[in-house]
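A.B. asks: Next one to model:
(chains A and B)
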Amino acid sequence: MIEISHVNKWYSPTFQVLTDCTTSVTKGEVVVVCGPSGSGKSTLIKCVNALEPFQEGDISVDGTKVNDPKTDLPKLRSRVGMVFQHFELFPHLKIIDNLCLAQQKVLGRSSDKAVAKGMQLLDRVGLKEQAQKFPAQLSGGQQQRVAIARALAMDPIVMLFDEPTSALDPEMVSEVLDVMVDLAHEGMTMMVVTHEMGFARKVANRVIFMDRGEIVEDAAKEDFFGKPRSDRAQKFLSKILSH
Amino acid sequence: MNYHWNWGIFFEPNPMGTGTYLDMLLSGLALTLKTAVLAWIIALVFGSLIGVMRTLPSRAAYWFGFCWVEFFRNMPLLVQLFLWYFVLPELLPKAAGTWLKQLPNAPFWTAAIGVGLFMSARVAVQLQAGIGSLPRGQKMAATALGLTTVQGYRYVLLPMAFRIILPPLTSEFLNTIKNTAVAITIGLLELTGQARSMQEFSFQVFEAFTAATLLYLLVNAVVVTAMRFLERYVAIPGYITGK
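C.D. replies: Numbers count the residues shown, from 1 in each chain, chains lettered A, B, ... in the order given. Alright, predicted model coming up:
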């Protein structure tokens, strides 16, 4: 589903953020990407739907190369759902309109169909009653659930999550993770940048550990949590699992 | 001071035979309003285009916007009006210059366009700042949903940016109205121009300019009030200062 091969990215000639990253995500797989901050995990996931350009290597999604200038990027992106750390709901639009905007403008759905789909997804994330409110009137956890519903409204073939719970108050983390766990159980292909190791243990198939722009470890979940091969992954794990 | 006050002067007939002195001032007010409204439309249209261009990734668009803004805001408005009115026709091929000079209402069109372009530079800078003040993730979220750049600006960035810059835009609208007074120098008989001619005909300088001052104050008070209503009308529930 996602093929990342030998991706190199520089912010400036002397500052390399991604170094020779190669990995893949197959259909129905849940891959968690973790690592210390500044390790390039958010950058890597943003390269997947070409929100960030990269200079070397190839990434393809469902057989379409994202770094090919001939690729219709808006069309490709409309099939790749993305959830951001800071939700990024559109503050001037009601919740239901946040869900309908791209359905209508990108997919060309009628208003009735878009609203029906939107309401169905809001119901699914438990926020049907909030449809007529504005984003600023919702809690962080609720906003992030709306953001997930907004991405799902486009019927994506894969979902990308960029630290979806990092900006949330602790008591709101679980309501968002619950929605993500449900999604994973339904067979959605997911690539998730997160520090939530509990989530990784529960639903991930594979864990990728990044440090200083490199993929240091790319292993099945059991192997990663059982006996990480690299020192750096071991140290990282012992730090975040110690309390 | 040996000044003969005469507040009744406004109801005495003016020497042009177009009614009273008050009618003279009111016709000036009408012309001020016409010039200001047309100038403001020009300022908004060009200011918006240039403001957006200054936020695009394209270097060419940025430089075009940069040159536009620096050209129109770094020269006194008075000099710009002289340029358009007196110098431009001389620079053109003879036939075109003559045609331009003989246009009916040339002072009106020159003033409206001149003030409009001058103000467009200011609107552009404010819109650029408004767009720049939005979280970077907003544009990313729009892009990730598959919206094109144009759609992203139209449905996501501009509705928020314009809301944010409404208070300074109110000031710019007021400035546009006041700046039309400069057009007296190219022979436009707007409110200041009419007050001036009333002074010359009647020698009642204080009455004439008191009336003109009050009319400017009145017009601007109406604009300020209307903009307050607009601000309240487009306020987003729960957002920043939204009530």
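A.B. asks: can you give me the helices for chain A?
C.D. replies: Taking DSSP state H, the helices of chain A run over residues A:41-48, A:73-78, A:95-105, A:111-124, A:140-152, A:170-185, A:197-203, A:221-226, A:231-241.
A.B. asks: what does chain B give?
C.D. replies: B:21-53, B:59-73, B:77-82, B:88-91, B:94-101, B:106-132, B:136-144, B:149-151, B:158-164, B:166-179, B:191-202, B:205-234.
A.B. asks: Any chance of CSV for the helices of chain A, columns mean pLDDT, mean neighbour count and distance to chain B?
C.D. replies: All C-beta atoms are positioned from the backbone trio N, CA, C, and that covers glycine. Listed next are these as CSV, based on pLDDT from 0 to 100; neighbours: other Cβ atoms under 10 Å in any protein chain shown; distance: least, Cβ to the nearest Cβ, whole Å:
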stretch, mean pLDDT, mean neighbour count, distance to chain B
helix A:41-48, 94, 23, 8
helix A:73-78, 93, 19, 3
helix A:95-105, 96, 23, 4
helix A:111-124, 95, 17, 13
helix A:140-152, 95, 24, 7
helix A:170-185, 92, 17, 17
helix A:197-203, 90, 18, 22
helix A:221-226, 88, 15, 27
helix A:231-241, 84, 14, 25
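A.B. asks: still on that earlier bit, just name the most buried of the helices of chain B.
C.D. replies: helix B:106-132 (a mean of 22; mean count of other Cβ atoms under 10 Å in any protein chain shown).
A.B. asks: And the average pLDDT for it is what?
C.D. replies: Mean pLDDT, computed over helix B:106-132, is 96.
A.B. asks: Show residues contacting stretch B:38-55.
C.D. replies: Here stretch B:38-55 makes contact (Cβ atoms under 8 Å, 6 or more residues apart in numbering or on different chains) with B:61-62, B:64-66, B:68-69, B:111-128, B:130-132, B:153, B:158, B:172-173, B:176, B:179-180.
A.B. asks: wait, what's in contact with B:P89?
C.D. replies: B:A96, B:G97, B:T98, B:L100, B:K101.
A.B. asks: how does it look with 7 Å?
C.D. replies: Contact partners of B:P89, counting by Cβ atoms under 7 Å, 6 or more residues apart in numbering or on different chains, are B:G97, B:L100, B:K101.
A.B. asks: Between the residues you listed, which sits nearest B:L22?
C.D. replies: The nearest member of these to B:L22, counting by Cβ to Cβ, is B:K101 at 33.3 Å.
A.B. asks: Could you check how far B:L188 is from A:Q85?
C.D. replies: 55 Å (Cβ to Cβ, to the nearest Å).
A.B. asks: just B:N74 next, same as before
C.D. replies: 41 Å.
A.B. asks: More neighbours: these two, which one.
C.D. replies: The residue with more neighbours, out of B:N74 and A:Q85, is A:Q85; 17 against 8, by other Cβ atoms under 10 Å in any protein chain shown.
A.B. asks: so what's the backbone phi/psi at that one?
C.D. replies: Phi and psi for A:Q85, reported as degrees, to the nearest 10, are phi -60, psi -40.
A.B. asks: ok, the most centrally placed residue in chain B - contacts?
C.D. replies: In chain B, the centroid-proximal residue (Cα atoms, centre = their mean) is B:T176; its distance is 2.8 Å. With contact taken as Cβ under 7 Å, 6+ apart, B:T176 is in contact with B:A36, B:A39, B:W40, B:A43, B:V115, B:M119.
A.B. asks: In this structure the last one contacts B:E172, no?
C.D. replies: Put plainly, it is B:M119. Yes. Here B:M119 reaches B:E172: they are 6.2 Å apart, a contact under Cβ atoms under 7 Å.
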